[in-house]
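Participant: fold the following and give me the result.
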Amino acid sequence: MQIHDLTPAAGSTHRRKRVGRGNGSGHGTTAGRGQNGQLSRSGGGKGAGFEGGQTPLAMRLPKLPGFRNINRVEYTAVNVARLDEKFNDGDTVNAESLAAAGIIKNVNVPVKVLGDGEISKKLTVAVEKISKSAQAKIEAAGGKVEFPC
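Facilitator: Numbers count the residues shown, from 1 in each chain. Here you go, the predicted model:
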C-alpha cells in the first residue's frame, strides 16, 4: 500500500450542499431557508452577544472612568520604621536585602522608602526611590542614601 492508495472510510465523507443554484438542483429559489422571516434574509439572525432581549453583558458592565496610564510604575512601599526593625548598624538596604529580611516578596518590583516612623541605625539605602522625609531621617541618623534613587 502506498500513500496514493489511501481513501477515506466508506460513508465518512459527504458532498457539499450547493444551495441557490437553480430549481433543478432541488435547493433553488429559497435555498433551504424557508419562505419569509428574519432567518431567510441576507444578514438575518441575531448578532454575537444577543441574550434573548435581556440587556447584554457588555452593556450591563460599567465603563472605566478616568485615564489608565499604561506606563505607570508601581512601587513597593517600605517605611523607615521597618528598616529600623529588620536591619543592623552599617547594613546596606537594597532589593535583595529587603527580600532576604522578608520585607518585600518580589526582587524585580521597584522599591520606594517612605518616612513613616523613626530610625536610629546608620544604614546605606540604595533603592529606586526615596521620599524627602525618609531621606532626611536616614541622614539624621548618620546613614546615607546612594543615588540614583
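Participant: worst-scoring helix or strand of the chain, pLDDT-wise?
Facilitator: Considering only helices and strands, the least confidently modelled element of the chain by mean pLDDT, DSSP states H and E is helix 57-60, at a mean of 92.
Participant: so what touches that helix?
Facilitator: 49, 51 (Cβ atoms under 8 Å, 6 or more residues apart in numbering). C-betas here are computed from N, CA, C, even on glycine.
Participant: how distant is it from the center of its chain?
Facilitator: The offset between the C-alpha centroid of helix 57-60 and the centroid of the whole chain comes to 21 Å, using Cα atoms, centre = their mean, to the nearest Å.
Participant: and stretch 7-20, what's its mean pLDDT?
Facilitator: Per-residue pLDDT values over stretch 7-20 give a mean of 94.
Participant: end-to-end on it?
Facilitator: Start to finish, the residues bounding stretch 7-20 are 30 Å apart (Cα to Cα, to the nearest Å).
Participant: same check, this time on stretch 30-48
Facilitator: First residue to last in stretch 30-48 (Cα to Cα) measures 25 Å.
Participant: could you do stretch 4-22 as well?
Facilitator: The first residue of stretch 4-22 is 36 Å away from its last residue (Cα to Cα).
Participant: low-confidence ranges, this structure, go.
Facilitator: Low-confidence regions of the chain, defined here as pLDDT under 70, cover residues 149.
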